[in-house]
Structures are given as structure tokens and as C-alpha cells.
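> One predicted model, sequence on top.
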Amino acid sequence: MRQKDNQVKIKKLPDLENKITVIYGSDIFDMTLKILNNINLKSHLEPNSFIGLKPNLVLNNPPSNGATTHLEIAEALVCYLQEAGFDNIIILEGSWVGDSTKAAYRDLGWQEMAEQRGVELLDTKTDDYVILEHSGHKMAVSRTATQLDYLINIPVMKGHCQTKMTGALKNMKGLISDSEKRAFHRKGLHMPIAALNVALPQSLIITDGICGDLDFEEGGNPVPMNRLFCTADPVLNDSYMASCMGYKPEEIEHLRLAAELNVGSTNLAEATITELNEARVPIPAVVPGAKVSYLEQAVDEQEACSACYANLIQALARYDERYNLSDFFQDKIKVGQAFKGEKGSGFGSGICTAGFSTFVTGCPPSTPEILDALIDYKSK
């Protein structure tokens, strides 16, 4: 059946589009509630609305491995919405081709949570599809997704081997058919992703930046970041994510194309970024994958906070793509609170390393700031 994209019901939340709200911590349920209360989400929603939550369950893999959305974010959203009087809620997702959404729902706790909270789970692989079209691309999209009043996207902040990163824009692929997913790859992913986000808008994004994978969509190299961030603009969301990962927005092709199609803005300089708390969260016990272990050879970490550590690891990944990371294997980069008051030669990342001959200020310094400083340090 054909359905024109102007018949999609999903409403945007313009009052929240130019704002990014960030929170750090380890209590994911509580962090989510604090964000929702801070932005006063219920005041932006119309009564009796049909609300969809779209996680990233690309495969049946626990979120601790860096690929999938933490269940606690969705559960906090459901509790918040239900307490505000919104009872028509559905969770909808379609894992990648060859994997089972139903198995992910079952094994990762989503089925149990949905039953306890009284919300519906939809495997979009089993849904009917309608055809949306934009920019010359016809796309088979979940019929249920097109019938939503509001769509809340819960992507994972992580890398991707083909598109460098995957966030709010690319996470919408879980709402198309498997045959359409194959077609997107044949077409090179970038333009179809941008077109999909015009045809099927999203209302709000809460990005899971707890421990997303460094490079790959399927996980294996989780980086402990312990952060969530929220906005109503998917392009702004992914621009912020790109910056956190050491990329410029224009380096991510589908992000650039989506901006050109007026899906949202890449202008972080004009956005209001609010951090609800300080980024002083200890690094959790995460078993690093091979790539992260390799990058850690360049780091002398002592009592570092997770945000400071994560930004350094992301910067080192970008540095390694362009230069030789072994430059720092002997002259290791210092990071962590244990270096407060210490003096010495070498390179430090974060205000705690201010006693070293070269250091990047900030608590934490951003990934682009660290990357620029690393490049400058080794060019001297």
C-alpha cells in the first residue's frame, strides 16, 4: 500500500530542538528521569497521544558490550509517561537482517519489562509496511511507526565501520523492512538514511552514551562514558555525538545530507547545551575489547573519571587513524585525579594534569580539544 509522507502523523517538539541536555552518572533509570523532568517532557505532549519508543536492538547482544540500548532508559520513559497519564505506548524495533528482534526482546529483558509495565512490544519485521518517498527514494516503512503521534528515539552512541558513527538518524533503519535495509546498503546508506528522516520524523532523542562501542555497530569494544544526552533535533544530536567521538559533523555524510534536507541543524555553536551535573563518575568495570586495549597502551590512567577517560580514548582512536599511536607508547598520556599536584614532562589530559609540561585543560576536555592538542604536541 502506498502512503505519502505528508500523511505521517508524528509531531515534532520545536521548543526542544535547539537544546541539548546532558547528564553523567551510573544510575541509568534515575538519570533518564532527571532529564525528562528537566525538560518537562509531559508539558510538550498532547493528551491521549500514541507514543512509540525506538531503541537500538540491532542484534541480541547485551548493552554492556557496546551495541544495544540499556533497558533502564526505556523503562524510565514508560514510568514517566504513564505517571503523566499517557497509556498508549508501544516499543518498536527491527533488528538487522539475519538477527531476531523477538530473541533480543526476550533475552535482554525487554519482554519482561513490557509485560510488567503493560506496554506493547512490536517486532517491525512482522508489521505491515507502507511506502514513503523522498528525494527519489521509495522506502517500505512500518505502518505502525507512521501512525504514531510521537516517536522517541533511543539510539546508542557508537561507531560504525561504514558510516564512522551511528546515532539518531541511522537508528531509524530499524523501522524499515529487511529488504529495504538491504536496499539501503546497495544505495550506499547515506542518502537513504537522510531521506528516511525527512519522510519519517522523530520527536525526541535520548542517546545512550553509557558504554557505546568505539568502532563497530555490533559491539565488542565498549568505551565507558556514563552519559546520556537529549534533544529534539536528530541532526543536532548526531552533531554533538560526532564531536564527542572526535569527528566534525561534515565528516559524516548522512549527517551532512540530512542537514541539507532541513532535517535539523549541525550548528552546535548556536545550541544551548546544559549539563545537569559534573562529569565526575568513576570508570566502571568494563572488559575492554582488542581495539580499546591497544589504545590504552598510550595511556597512564590513575583514578580518571569516565567522561575524561572516554574523551581521551575517542581522541586516540581518531589520532591512530591519521598518525602513529605508538608515538605515545613510551611517553604515555597522563589522565586522572591521582595526578593532581604532580609535575613532570610529557602530555596530560584534563585539569588534574595541569602540572605537566603540556596538558589539555577542561573537566573533561572535549575529544576535539584533545585531538588537536595531541597533533600539535607531536608536530613540535
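Looks like it arrived, so ask away.

> if you go through the stretch 251-380 of the chain in chain order, where are the strands?
272-275, 299-301, 333-335, 344-349, 356-360 (DSSP state E, counting those that start in this stretch).

> Tell me how many other residues surround the nearest residue to residue 105 once chain neighbours are set aside.
Once flanking residues are discounted, residue 105 sits nearest to residue 111: 4.7 Å by CB to CB, 6 or more residues apart in numbering. C-betas here are computed from N, CA, C, even on glycine. For residue 111, the count of nearby residues is 16 (other CB atoms under 10 Å).

> average pLDDT for stretch 88-102?
The pLDDT scores in stretch 88-102 average 94.

> For that stretch, which residues meet the burial criterion?
Buried residues in stretch 88-102, defined by neighbour count with 16 or more other CB atoms under 10 Å: 89-95, 99, 101.

> now those residues in JSON lines, with distance to residue 12 and secondary structure?
Shown next, in JSON lines, are the buried residues of stretch 88-102 (distance: CB to CB, whole Å; DSSP: H, G, I helix; E, B strand; the rest coil):
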{"residue": "89", "distance to residue 12": "19", "secondary structure": "strand"}
{"residue": "90", "distance to residue 12": "19", "secondary structure": "strand"}
{"residue": "91", "distance to residue 12": "21", "secondary structure": "strand"}
{"residue": "92", "distance to residue 12": "19", "secondary structure": "strand"}
{"residue": "93", "distance to residue 12": "21", "secondary structure": "strand"}
{"residue": "94", "distance to residue 12": "23", "secondary structure": "coil"}
{"residue": "95", "distance to residue 12": "27", "secondary structure": "coil"}
{"residue": "99", "distance to residue 12": "31", "secondary structure": "coil"}
{"residue": "101", "distance to residue 12": "27", "secondary structure": "helix"}
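
> is it fair to say the residue nearest to residue 105 lies in a strand?
No: applying DSSP: H, G, I helix; E, B strand; the rest coil, one finds residue 111 to be helix, outside a strand.

> if you count residues, which helix in the chain comes out on top?
Looking across the chain with DSSP state H, the single longest helix is helix 306-322.

> hang on, the earlier thing: identify the farthest-apart pair in the buried residues of stretch 88-102.
By the measure CB to CB, 89 and 99 form the most distant pair in the buried residues of stretch 88-102, at 24.4 Å.

> circling back: may I see the buried residues of the longest helix of the chain?
306-320.

> Mark out where each domain of the protein begins and ends.
Split into domains by automatic domain parsing, the chain comes to 5-275, 290-379.

> Let me know which of those domains is the nearest to residue 284.
domain 5-275 (5.1 Å).

> quick check, nearest of the buried residues of helix 306-322 to residue 209?
Closest to residue 209, out of all of these and judged by CB to CB, is residue 310, at 8.4 Å.

> which residues does that closest one contact?
Neighbour list for residue 310: 223-226 [criterion: CB atoms under 8 Å, 6 or more residues apart in numbering].

> what do you get if the cut-off is 10 Å, keeping everything else the same?
Contacts of residue 310 were listed using CB atoms under 10 Å, 6 or more residues apart in numbering, and they are 157, 209, 211-212, 214, 223-227, 244-245, 279, 283, 304, 364, 367.

> Residue nearest the middle of this structure, spatially speaking?
residue 157 (2.7 Å; CA atoms, centre = their mean).

> Residue 212 is in contact with that one, correct?
Yes: here residue 157 reaches residue 212: they are 4.3 Å apart, a contact under CB atoms under 10 Å.

> Next, show the common contact partners of those two.
56, 66, 165-167, 223, 225, 227, 241, 244-245, 310.

> ok, what's across the strand from residue 140?
Note on residue 140: beta-bridge partners by DSSP bridges are residue 131.

> how far away is it from residue 162?
21 Å (CB to CB, to the nearest Å).

> More neighbours: these two, which one.
residue 140 (18 against 11).
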